[in-house]
Every structure is written in C-alpha cells, then in structure tokens.
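Novice: Below are the sequence and a predicted model for it; my questions follow.
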Amino acid sequence: MKYTDVLYGEFEIDGVLESLFKSDAMQRLAGVHQAGAAYLVHRNWTVNRLEHSVGVMLLVKKFGAKLDEQIAALLHDISHTSFSHVVDYLMQDKEEGYHDSIFLETLEKNGITTMVDVESLGLDDLTRYTLLEQPSPLLCADRIDYFLRDMLAYGHVSRCEVDAFLEALCVIDGRFVITSEEMALWYIRNYERYVSFVLLEPKNVYSAWKMSEILRYAMQKHYIEIDLLKQSTDNNIIAHLQGIHDTHLQRELATLHPGIAVEINNQTYDFYMTGKTRVVDPLVLTERGVVPISTINKEAQESIQFLEKQFEIGSFIRQIHV
C-alpha cells in the first residue's frame, strides 16, 4: 500500500508492516489524540497517535533502520489509552509511562503476538533500538517526530523549515546527529517554543487536568473502568460519558470547550500540575566530533536550563472563564 505522510512524503508499506498498520489495535490509535484532551479546547489540535506511530516508523526507515526496528517503531505507542498522557495524571504516574507498563499486555490481548515474534524482535525492551529510543535529552525518532508533527500541524514551523531540518539530520553510530550548529540551534530555539506553545500551553494543561478529574470521578462512580480506556477512543469515551444521567458529570464535561479562558497565575490559581521534564540536547557534528550542542553553545545550554526550571516549577492555572 502507498502511504503519504505530511512530514516524510510517500512510502510503500507492505508485508508485516501493512498487516500491523491495518490491525484493529493500530487503527484505534487514529481516534487517540496525541495531545490528549486538548482537541476539545483547541479545534485544530487533531494530530493522532496513528499518524505519529507511522511517522516514527517512516523516519527510522528513511535513515536505514532494519525491518525489526521499523516494526518496533510502528508499534511503540500501540498501548496508549484514550486521551494519551491524561491517563498518567489519572494513575498518578509522574514519569508519564503508564502506556509503557501495559505495552506487552496490549500486544498479547490484541493478537499482535500472533503476527510478530515479540521475543525475537526484543519488543520487551524498545531501548535496544537506538534510532527509535534514546535516553533524555538526546534526539530519537519518537521525539523528533512528535515535535515536527505538532509544530507543523499547529502552524509554528513551516514546511521549508521541516525539510531543511530533515536534510541536516544524519545517523552516526546508531544515533541521530545534526550536521550543523546552526540547525541544532534552530531545533533548540523551536523546542523552547514547542514547550511554551504546546506542552505547557495553559489550555492544554487545563484540559489534561480537567479530563483526569472527570475520568477519576467516572471511575469512582463505576461509570467506566480502566480497561475501557485501553480499548476505546477519545470520542467514544466522551460519547459514553455524555450519555450518563449525572448532573455533576455533565457540568464538568461542559467545561471542556474552545471558549474557555485560563491563565498562568502563581499567586491566585485554581489548580497546580507538574509532569515529566521534557528537554532536548541534540548531538551535533563538529570538527572535534559528535558532541551535545549544550557543550559548545551557551544559548543552547541556557535554553535547556530554562526549560528544566519551567518543568520543575510546574503550572499554576487560574480559570478566568469556563
């Protein structure tokens, strides 16, 4: 089958990759938004986990990954529940890794283990695939794709910028490396914007908090169970909750809409949230070899320190109008 991706262009997907792509478990991800419940407050935040998963697979394929790593890349987010990382707040998982904890269970329950050999592929430890996964703050296909995909979709970078970045990317010793300091700085500067405009954007944070509270209430009332979130999609969960005759629940659901107004206010706030620290320190090719950009550029170093502090402080959100 031919597949056209907004970032990487047209590719042929066949064999086991095509079968996995067409599986019910993978297709469910088309209904799981990458930014969780934020699509309810930002109409254009429609990037989903399926396009991201395929994108990560295409990215590692583009840079020479073997079939086993392509399979791992395609499957890496298959266990995301409805509303993605919102469930981490529900489960009080500060490392935002609930989907990782149920990854093998998801493969087994959805018949993926009949399509691929989990043990021989080493899917019990995705870190063995060095293009797909790298320890923070290094670049990997997962981090590169969600950054580029979100920033392009939400209008914060241009198509030309994306193309220029991909042109400046290479692989050395199994890791992604940027071939110029200038382009590494472009990534650093725009990643800081990404944190501000997407990851820690106030309405996004509000939607994650509010939805986690709604889901917690619904579970306490036995309206839903965690297994439903594992198997369903965002809109199906919303429709299920909207069909329940509970005044409090309906009032809370009604506070998730594009017209809400919230602000950062660490003096007068309605709720406070912290999450996983997400920073990047790309490897860059220099005359001295491959080094993290922060070791040779003060701006990059200061940007990383600034973002680490932002995540450490967390988000103090005041509701102005809901």
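Specialist: That came through, no problem. Everything numeric here is computed off the predicted structure, so don't read it as measured data.

Novice: Give me the packing partners of whichever helix in the chain runs longest, helices and strands only.
Specialist: In the chain, taking DSSP state H as the definition, the longest helix is helix 202-220. Helix 202-220 sits against helix 86-90, helix 247-253, strand 261-264, strand 271-273, strand 315-321, with contacts defined as 3 or more CB pairs under 8 Å, 6 or more residues apart in numbering; DSSP states H and E. Every residue, glycine included, has its C-beta placed from N, CA and C.

Novice: which strands and helices sit next to the last one?
Specialist: Applying 3+ CB pairs under 8 Å, 6+ apart, one finds that strand 315-321 makes contact with helix 202-220, strand 261-264, strand 271-273.

Novice: what does it rub up against?
Specialist: Outside of strand 315-321, the residues within contact range by CB atoms under 8 Å, 6 or more residues apart in numbering are 200, 202, 205-206, 209, 259-266, 268-274.

Novice: Also the third one?
Specialist: Residues lying outside strand 261-264 but in contact with it, judged by CB under 8 Å, 6+ apart, are 202-203, 206, 315-322.

Novice: By neighbours, which of these wins?
Specialist: Most neighbours among the contacts of strand 261-264, by other CB atoms under 10 Å: residue 206, with 27 neighbours.

Novice: what pairs with the residue nearest to that one when sequence neighbours are not counted across the strands?
Specialist: Counting by CB to CB, 6 or more residues apart in numbering, residue 206 lies nearest to residue 262, which is 4.7 Å off, once chain neighbours are set aside. Beta-bridge partners for residue 262, by DSSP bridges, are residue 319.

Novice: Residue 262: how many residues sit nearby?
Specialist: 25.

Novice: How about residue 26?
Specialist: Residues near residue 26, counting by other CB under 10 Å: 21.

Novice: how about it, secondary structure?
Specialist: helix (DSSP: H, G, I helix; E, B strand; the rest coil).

Novice: Report the contact partners of it.
Specialist: By CB under 8 Å, 6+ apart, the neighbours of residue 26 are 20, 50, 53, 74-75, 78.

Novice: Let me know the distance separating it from residue 239.
Specialist: 22 Å (CB to CB, to the nearest Å).
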